[in-house]
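[1] next one to model:
(one chain, ligands or ions: 1)
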Amino acid sequence: MFQPSSEKIVLASGNPGKIKEIQAILTDFSIIPQQLFNIPEAEETGSTFIENAIIKARNAALHSKLPAIADDSGLVVDTLNGAPGVISARYAGTQATDQQNLQKLLDAMQGIPKAQRSARFICVIVLLRHADDPFPLISQGSWEGTILSYAKGTHGFGYDPVFWLASENCSSAELSTQRKNQLSHRGQALRHLASLL
Ligand code: IMP
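    Below is the predicted model:
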């Protein structure tokens, strides 16, 4: 399907961390951020991670005329019926900071007993060979944890300081980057995508 040796794939993200992470795993391909093509951001109108990843990848493939990868990720909390879910990045408003989103989650979880604080990070990665590709490659990762009642740790981003990992006896904001990549939803999804390619 793809011929390794620096085939170009556009990444529907400008996040330098994501670009680095994806390039490090998909070493046979040249990952190009969509900004280099002046591609307008797609509106994430889907109600699932898969829909939003497809929307973003299709937009990037359409404008670049190249294969495109997009990821969509977020936190799913059981007792909140799956919130913040696909709006994890804008839970406290469209311009909300990580800190504001995290605070909103802590407020929503106040008084919830320990046994009902289960949650997971989800990451979906989609690769479209072209904008009209009817059979995208889809890879998913899921990382189980529970939500703390206070923030703990300074690494990572987003909801990491409140995501408790019993098996590691720490929050995901207390993990090294390397350990987080081994365990995380994004690491799982990326390695699976590499195996599909
Ligand atoms: P997006 O996939 O770039 O739209 O980001 C989704 C949002 O989910 C981020 O802004 C974070 O709030 C949250 N999120 C996704 N992955 C992680 C993670 O590994 N740690 C903490 N928060 C995350």
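
[2] which strands and helices sit next to the helix or strand bottoming out on mean pLDDT in the chain?
    Ranking every helix and strand in the chain by mean pLDDT, DSSP states H and E puts helix 16-25 at the bottom, with a mean of 81. For helix 16-25, the elements it packs on are strand 7-11, strand 29-33, helix 185-196, judged by 3 or more Cβ pairs under 8 Å, 6 or more residues apart in numbering; DSSP states H and E. The C-beta positions use only the backbone N, C-alpha and C, and glycine is treated the same way.

[3] can you tell me which of the ones you listed is most buried?
    Each of the helices and strands packed on helix 16-25 was scored by mean neighbour count; the highest is strand 7-11, a mean of 20, by mean count of other Cβ atoms under 10 Å.

[4] would you mind pulling the contact partners of that strand?
    Contacts with strand 7-11, where a contact means Cβ atoms under 8 Å, 6 or more residues apart in numbering, come from 18-19, 22, 26, 28-34, 37, 39, 60-61, 64, 66-70, 127.

[5] do that again at 10 Å, thanks
    Applying Cβ atoms under 10 Å, 6 or more residues apart in numbering, the contact partners of strand 7-11 are 2, 18-19, 22-23, 26, 28-37, 39, 56-57, 59-61, 63-71, 127-129, 197.

[6] swap in stretch 91-99?
    Contact with stretch 91-99 is made by 74-75, 83-85, 87-90, 100-105, 107-108, 151, 156-161, as judged by Cβ under 10 Å, 6+ apart.

[7] if we check the ligand, which of these are in contact?
    74-75, 88-89, 101, 156-160 (Cβ under 6 Å from any ligand atom).

[8] which of those residues are buried?
    With burial judged by 16 or more other Cβ atoms under 10 Å, the buried subset of these is 74-75, 88, 101, 156, 158-160.

[9] among those, which are in helices?
    Mapping these onto helices (DSSP state H) picks out Asn101.

[10] from the buried ones among the ones next to the ligand among the contacts of stretch 91-99, which single one is nearest the ligand?
    The ligand lies nearest to Gly158 out of these, by Cβ to the nearest ligand atom, at 2.4 Å.

[11] which residues does the closest one contact?
    73-75, 84, 88-89, 91, 98-99, 101-102, 121, 172-173.

[12] can you give me the buried ones in the helix ranked longest in the chain?
    Longest helix of the chain, by residue count under DSSP H: helix 49-64. For helix 49-64, a neighbour-count test (16+ other Cβ under 10 Å) marks 49-61, 63-64 as buried.

[13] out of these, which is nearest to Ala115?
    Closest approach to Ala115 among the buried residues of helix 49-64 (Cβ to Cβ): Phe49, at 26.3 Å.

[14] which residues does the closest one contact?
    The contact partners of Phe49, by Cβ under 10 Å, 6+ apart, come to 71-74, 76, 85-86, 88, 122-126, 140, 185.

[15] ok, Asn101 next?
    75, 84, 87-93, 158-159.

[16] again, but for Gly187
    By Cβ under 10 Å, 6+ apart, the contact set of Gly187 is 21, 25, 123, 141, 143, 178-181.

[17] kindly report the residues of this protein close to the ligand.
    71-75, 88-89, 101, 121, 156-160, 184.
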